[in-house]
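Novice: curious how this folds, go ahead:
(one chain, ligands or ions: 2)
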Amino acid sequence: MLLEATGVEKTFRGRRGGKPVRAVVDATLQVRPGDFVAIVGESGSGKSTLARLLLGLLPATNGTVAFDGVPLGQMGTAQRRAFRRSVQAVLQDPAGSLNPRKKVATLIGEVAALHDVARGRDAVRDKVLEVLELVGLTPAEQFLDRFPHELSGGQRQRVLLARAIVLDPRIIVADEAVSALDASVKAGVLALMDDLRRRLGVGYVFITHDLPVVKKVAEHVYVMKSGEIVEEGTKDTIFGNPEHPYTRALLAAAPTLTTSSAEPTTT
Ligand SMILES: Nc1ncnc2c1ncn2[C@@H]1O[C@H](COP(=O)(O)OP(=O)(O)O)[C@@H](O)[C@H]1O
Ligand SMILES: [Mg+2]
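Specialist: Ligands and ions are numbered 1, 2, ... in the order given. You can find the predicted model right below:
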C-alpha cells in the first residue's frame, strides 16, 4: 500500500481547560498509486487534522500512518526525506500559501533546488517552465516573473500544483484546494488534477466539505462526521446508493459544480 492510515486517532487537549477534542477517531484508509481518494465531511469533522496526520505534520495519539509499508515513526533519515518529497500538500488559501514577495519562477524554483531535482540556474528554469506547461499556465515564459497578486485565484492554485509536482510526488494531499474558487474555475482545476493523474500517475487525497464537487473525479470516497469515518465506498456507491443518512444529507447540499464547463482552462 502506498499510503495507509490504520486506526489513527488524534485527541487535542482542550483549549483553556475545556474538554479534550477527539478530532480524529479510529480512522483507517488506503491510497494506492494513482488513486483519487476523496475525504468529505462538514466543517469541524476532522478532515484537516486527518490531512496533517497523513502528511506527518502532526503526531497521532494512536494508530499508525505508513508510506510504502513503513510507519512514519519508524523511518530513518533517508526514508523520511523520500516521504517528504513523495507526499506533497496543496492546502486551502493559495494567497496565504504563496509568499507575496516572490515571483512564480522563485516560488517553484527554490523548491526544485532545495530538493535537488534540478541543479544550476538554467536547469532550474527549464524545470519551472516544464511544470508551468503541465499545469496549463502557458505560454510559461509569461508567468515566470509574475507575483502571486498578479494572478487569478485559479492561476495561483495552478502554481501551487506546479510547486508540488516539480518534486514528482506520488501523492498530493489537497485540503479544500478548490473550495474558494468559482464553479467554472473549480471545474477547470479539478479537470487539471485528473489530467495530471493520468499523465504523471500522481494520486490524490482530496479533501472537501463539498461532496458534489468530487462526483466526476473521485474513485473512492470516505465520509467523515465528528472525527469518524462513517461511510466509505466507491464513487458509484457513495453517489448512487449511500447508506448513511449523513452522506445523503451531504449529497442533498446544492451541487456547486457545473459538469458542462469541466474543460481545463487557465482562468
Ligand atoms: N490544534 C488544535 N487544538 C485543539 N483543537 C483543534 C486543533 N485543530 C483542530 N481542532 C479541533 O478539531 C476538530 C476538527 O477540526 P478540523 O480537523 O480542522 O476539521 P475540518 O477540517 O473537517 O473542518 C474541531 O473541533 C477543531 O476545533
Ligand atoms: Mg479543514
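Novice: output the longest helix belonging to this protein.
Specialist: Secondary structure assigned by DSSP state H gives helix 183-200 as the longest helix of the chain.
Novice: so for that helix, what gets flagged as buried?
Specialist: When neighbours are counted by 16 or more other C-beta atoms under 10 Å, the buried residues of helix 183-200 are found to be 184-194, 196-197. Glycine gets a C-beta too; all of them are placed from N, C-alpha and C.
Novice: next: stretch 62-75.
Specialist: Of the residues in stretch 62-75, those buried under the neighbour-count criterion (16+ other C-beta under 10 Å) are 63-67, 72, 75.
Novice: same question, stretch 91-110
Specialist: The neighbour-count check on stretch 91-110 (16+ other C-beta under 10 Å) flags 91-92, 94, 97-98, 103-109 as buried.
Novice: just stretch 22-40 next, same as before
Specialist: Counting neighbours by 16+ other C-beta under 10 Å, stretch 22-40 gives 22-25, 27, 29, 31, 34-40 as buried.
Novice: kindly report the same for stretch 8-23.
Specialist: 8-10, 21-23.
Novice: what does stretch 112-119 give?
Specialist: Using 16+ other C-beta under 10 Å as the test for burial, stretch 112-119 gives 112-113, 117-118.
Novice: can I get the residues you listed in a markdown table with pLDDT, secondary structure and distance to Leu251?
Specialist: As requested, the buried residues of stretch 112-119 are arranged in a markdown table below (pLDDT from 0 to 100; DSSP: H, G, I helix; E, B strand; the rest coil; distance: C-beta to C-beta, whole Å):
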| residue | pLDDT | secondary structure | distance to Leu251 |
| --- | --- | --- | --- |
| Ala112 | 95 | helix | 41 |
| Ala113 | 94 | helix | 45 |
| Val117 | 92 | coil | 41 |
| Ala118 | 93 | coil | 44 |
